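[1] sequence and predicted structure are below.
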Amino acid sequence: MAVMPPPGRSAGRRLLSTSSVARLVACDRSTVLRAILKGDLEAVRLGRGGSYRIAAESVDAWLRPAGGGGAASLSPSTPDTEETP
């Protein structure tokens, strides 16, 4: 039996926690939170005062140089998106 995403959500969209983003980009979690609060990294908050979730596409945009260069991508279309333990 396949698990279906909630209505209005795409099955292919990866939502990451602040800790996951910090691990992926090799920075401290506080750096990720600061980027969210400054508006540099788009995120959604779960509930009132809850934790944040960040789309992989938003992390790509945050990491992309202002000139739109060829930075590494976290989007599902790239083959090297696996996390290492």
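    Yep, it's here. Predicted, not measured: the structure shown is a model, and the values here were computed from it.
[2] just the buried residues of the longest helix seen in the chain, please?
    The helix spanning the most residues in the chain, taking DSSP state H as the definition, is helix 29-38. Neighbour-count burial for helix 29-38, with 16 or more other CB atoms under 10 Å as criterion, is recorded at Val32, Leu33, Ala35, Ile36. Just so you know, the C-beta spots here come from the backbone N, C-alpha and C atoms, and that holds for glycine as well.
[3] in TSV: these, plus distance to Ser19 and pLDDT.
    Below are those laid out as TSV (distance: CB to CB, whole Å; pLDDT from 0 to 100):
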residue	distance to Ser19	pLDDT
Val32	8	96
Leu33	10	96
Ala35	14	96
Ile36	13	96
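[4] can you tell me which of those is nearest Arg23?
    Nearest to Arg23 among the buried residues of helix 29-38: Val32, at 9.8 Å, using CB to CB.
[5] right, and that closest one touches Val21 too?
    Yes. Val32 is in contact with Val21 according to CB atoms under 8 Å; the separation is 4.9 Å.
[6] intersection of neighbour lists for the two?
    Common neighbours of Val32 and Val21, counting by CB atoms under 8 Å, 6 or more residues apart in numbering, are Leu41, Ile54.
[7] just the pLDDT at Pro76, thanks.
    Each residue has a pLDDT score; the one for Pro76 is 50.
[8] and what of Glu82?
    The predicted local confidence for Glu82 is 46.
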